[in-house]
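1. sharing a model prediction with you, sequence too.
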Amino acid sequence: VLSFIIFICYIASLAASFMMAPLLEFLLALFLFFAYASKLNEKFKGVHWPLADFLRCVTAAIIYFAISIAAVSKYNDGASKAAGVFGFAATIVFAIDFYMTFNDLVTFLKQGSSDSPEGRKTEDEDSDSDSD
């Protein structure tokens, strides 16, 4: 929702050249929302869904921070200032989402590493040495 509001603000401002970043972020967030809601993450196991969400959060936070600084410092109209302020708020929201997604990603990667053949091999060796 915040990305859509920022997109609308950039359309109404002199900084319309920045409108593509919030539009793409809004569409990516919408896609991932529907992917999780329709359980596509369970159907397509080849895609690392937590990693995709993590990368989306990281890039969104960096891009929103950069374009917000540019919009606030370079343009003087009210819509650009509003888009910049909303952009700074979005940076904070995406940074929080980045932190929470990072915890999910670590759990996902630990789960994947225990299912790998190397993880099973070391577990088998440990059980063999325990039986001796």
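-> Yep, it's here. Numbers count the residues shown, from 1 in each chain.
2. lowest average confidence, helix or strand, in this protein?
-> Least confident helix or strand of the chain, by mean pLDDT, DSSP states H and E, is helix 117-131 with a mean of 50.
3. contacts only, for the residue nearest to Phe26 when sequence neighbours are not counted.
-> Nearest non-adjacent residue to Phe26, counting by C-beta to C-beta, 6 or more residues apart in numbering: Ser3, 3.9 Å away. All C-beta spots, glycine's among them, are computed from the backbone N, C-alpha and C. With contacts defined as C-beta atoms under 8 Å, 6 or more residues apart in numbering, Ser3 is in contact with Pro22, Leu23, Glu25, Phe26, Ala29, Ala60, Ala90.
4. would you mind measuring from Ser3 to Phe44?
-> For Ser3, the distance to Phe44 equals 24 Å [C-beta to C-beta, to the nearest Å].
5. as a check, name the ranges of all helices in the protein.
-> Counting by DSSP state H, the chain has helices at residues 2-12, 20-37, 40-43, 49-74, 78-114, 117-131.
6. what's the most buried one of these?
-> helix 2-12 (a mean of 20; mean count of other C-beta atoms under 10 Å).
7. distance check, the residue nearest the centre of the chain against Phe98.
-> Closest residue to the average C-alpha location of the chain: Cys57 at 2.2 Å, with C-alpha atoms, centre = their mean. The gap separating Cys57 from Phe98 is 4 Å, by C-beta to C-beta.
8. kindly report the same for Leu28.
-> 14 Å.
9. can you check Val1 too?
-> Distance, Val1 to Phe98, using C-beta to C-beta: 18 Å.
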